[in-house]
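I'd like to go over a predicted model; first the sequence, then the structure.
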Amino acid sequence: MRIFLFFLLFSSLFITDSSAQVLPLEGSTLHYCIIPFTFPTVKSSNYKIRIAEGNFNSDDVFRKNVIKTVNSKKNKLIIEIPGFGKQYTWCVTTPEMPKPVFYHFSVATMSLVDTVKTRLSIKLGAAKYRDDYVFVDGSRVLYDMQGNPVWYLPNFEGMIRNNTAVRDIKLSCKNTITFMFEGEAWEINYNGDILWKGPNGRHQVHADTLEGYHHELTRLSNGNYMLLGLEPIARPQRDSLRFRTSIDSAGRRKVPNRKARCGTIVEYNEKGNMVWHWNSARYLDTIDPALLRKPNVRPANDAHENSFFFDEKNKCVYLSFRNINQVIRISYPDGAVLNVYGNSTDSANVFWDTLFCGQHSCNISSDGYLYLFDNGCDISMPPKVIILKQPLSHKDTMKEIWQYSCPVTPVKVDMAQFAGRLMPFTTGGNVIELPGHDMFVSTCNPYSELFIVSENKKLLWDAALEKRGQGTKIWEPSVLYRASIITHQQLENLIWSGVSSK
């Protein structure tokens, strides 16, 4: 259990005076174990904070149950308490005010932070990153690097208790938390207060329910929000395997329209107004339609945009199409397609022989290289992380700079049985470059493993999200799509930002 002292670097944001709010609020229910405490100042500035497990109002009983005592010169500090699902009583005393006034709060719980049911199992402990934390979307929990849950995404509007259909939960550049849930895009603070909601999510009232958000939401440095979306389009079924013609009353052949969803990239400002929009329909009309009818394209006719990265410095957006093994580079804001990386428009092969396949989580490194989480075209080979040098001209080709195969055991598959048919393959996963060119990697189903690897391919930390099998004592991989890592200092900033935004 650790104690975090917050030194006031921004006096305009955190004002220390005798009227400071007492936090945690009396009677509050929290969803985190790393807790901000604030209270009014006194002249001597010598504070003794005591925390007891249980609900007490008697000093004698309180003292017998104290689990933590902290002496501080500051009236704002962060203290970690033992766990979830408990009640707590606390007080602060000073030489001027030796008689305690008791305050009470509780920390809620859910099955996903019950380590008997779900756990982040540590295979290799961290040394360099021992003070960091990871957000895991499959469990919607923030863990420390020892695998202890310290925060979870609380229930709020639209949420279902213990539902794991959360995607891309991460820290934003504005010290908030962004994520997606069931076609909706959200931003909250550490305390769980809703700060922003995407205006055109799946559960909004629309003429067509195919609209919504998916996969990824990123807060930009200018305060705007960029995310992947879906919107309905109608087009002739000329490229559909399920195409059936019909004849109208005049005996003319009718070409029916199919209602489809087309991937988009959308940018909103803080007020929810759309300020930029890119639709993939026009680009997909330029590729060989046969690429969308491959046996390993699922569902049929879906290129499946699954990640993006906005290079704000160079004014371009990278967009990944999983099902056609392409990453395209888009000029911002005019929307022109500048480059196509990966699979070409050739549809001759059943399975493509490309630099990457079923890729996810495209990004640009500090050295200007494109890096990806490469799922591969089937599950007979482990996924890997690859770093690629972009072509300098149209005559040049993309070159692989570095790759690392994920330390997982691939599923054994008889390749012959899938000849000409749908090949099972993994999906999801992500990779984040850390200082010093280390890589934080999150694999996806069926592995659900997270690790950090150095540039020289030394494993620095290794863990797996696991759940206990129903009716058994066997631990098995749990659902995981993406994870992200934050530093000790970033967590402090997130916590105090949540306090100041209330």
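Done, it's in.

Going along the chain, name the strands of the stretch 151-300 of the chain.
Secondary structure of the stretch 151-300 of the chain (DSSP state E, counting those that start in this stretch): strands at 166-171, 177-181, 184-188, 194-197, 212-219, 225-236, 246-247, 253-254, 257-268, 274-279.

Include distance to Gln21 and mean neighbour count when you put the ones you listed into JSON lines, please.
(Each C-beta comes from the backbone N, C-alpha and C, glycine too.) Shown next, in JSON lines, are these (distance: least, CB to CB, whole Å; neighbours: other CB atoms under 10 Å):
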{"stretch": "strand 166-171", "distance to Gln21": "24", "mean neighbour count": "23"}
{"stretch": "strand 177-181", "distance to Gln21": "22", "mean neighbour count": "23"}
{"stretch": "strand 184-188", "distance to Gln21": "20", "mean neighbour count": "23"}
{"stretch": "strand 194-197", "distance to Gln21": "19", "mean neighbour count": "16"}
{"stretch": "strand 212-219", "distance to Gln21": "27", "mean neighbour count": "23"}
{"stretch": "strand 225-236", "distance to Gln21": "29", "mean neighbour count": "18"}
{"stretch": "strand 246-247", "distance to Gln21": "68", "mean neighbour count": "9"}
{"stretch": "strand 253-254", "distance to Gln21": "68", "mean neighbour count": "8"}
{"stretch": "strand 257-268", "distance to Gln21": "32", "mean neighbour count": "18"}
{"stretch": "strand 274-279", "distance to Gln21": "36", "mean neighbour count": "16"}
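
mean confidence score for stretch 372-390?
Mean per-residue pLDDT for stretch 372-390: 89.

cool, stretch 23-37 as well?
97.

still on that earlier bit, present the strands of the stretch 151-300 of the chain as TSV; the columns should include distance to Asp131 and mean pLDDT.
As requested, those are exported to TSV (distance: least, CB to CB, whole Å; pLDDT from 0 to 100):
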stretch	distance to Asp131	mean pLDDT
strand 166-171	15	95
strand 177-181	19	95
strand 184-188	24	94
strand 194-197	27	95
strand 212-219	24	94
strand 225-236	30	77
strand 246-247	65	50
strand 253-254	65	48
strand 257-268	34	75
strand 274-279	38	96
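
Tell me which of these sits nearest to Phe156.
strand 194-197 (6.4 Å; CB to CB).

ok so, going back, out of the strands of the stretch 151-300 of the chain, which gets nearest to Ser478?
Of those, nearest to Ser478 by CB to CB is strand 166-171, at 12.7 Å.

That closest one packs against which elements?
Applying 3 or more CB pairs under 8 Å, 6 or more residues apart in numbering; DSSP states H and E, one finds that strand 166-171 contacts strand 133-136, strand 177-181, strand 212-219, strand 483-486.

As a markdown table, those strands with distance to Tyr283 would be great.
Listed next are the helices and strands packed on strand 166-171 as a markdown table, based on distance: least, CB to CB, whole Å:
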| stretch | distance to Tyr283 |
| --- | --- |
| strand 133-136 | 32 |
| strand 177-181 | 23 |
| strand 212-219 | 18 |
| strand 483-486 | 29 |
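
Which one of those strands lies nearest to Thr472?
Closest among the helices and strands packed on strand 166-171, once you apply CB to CB, is strand 133-136, at 22.6 Å.

buried set for the closest one?
Neighbour-count burial for strand 133-136 flags 133-136 (criterion: 16 or more other CB atoms under 10 Å).

Closest one of the residues you listed to Cys173?
Phe135 (14.7 Å).

show me what contacts that closest one?
141-142, 169-171, 177, 483-486 (CB atoms under 8 Å, 6 or more residues apart in numbering).

what's the answer for Arg130, then?
Per CB under 8 Å, 6+ apart, neighbours of Arg130: 145-146.

State the pLDDT value of it.
Predicted confidence (pLDDT) for Arg130: 97.

In a strand, it, correct?
No: Arg130 is assigned coil when assessed by DSSP: H, G, I helix; E, B strand; the rest coil, not a strand.

Backbone dihedrals for it, both of them.
phi -60, psi -20 (degrees, to the nearest 10).
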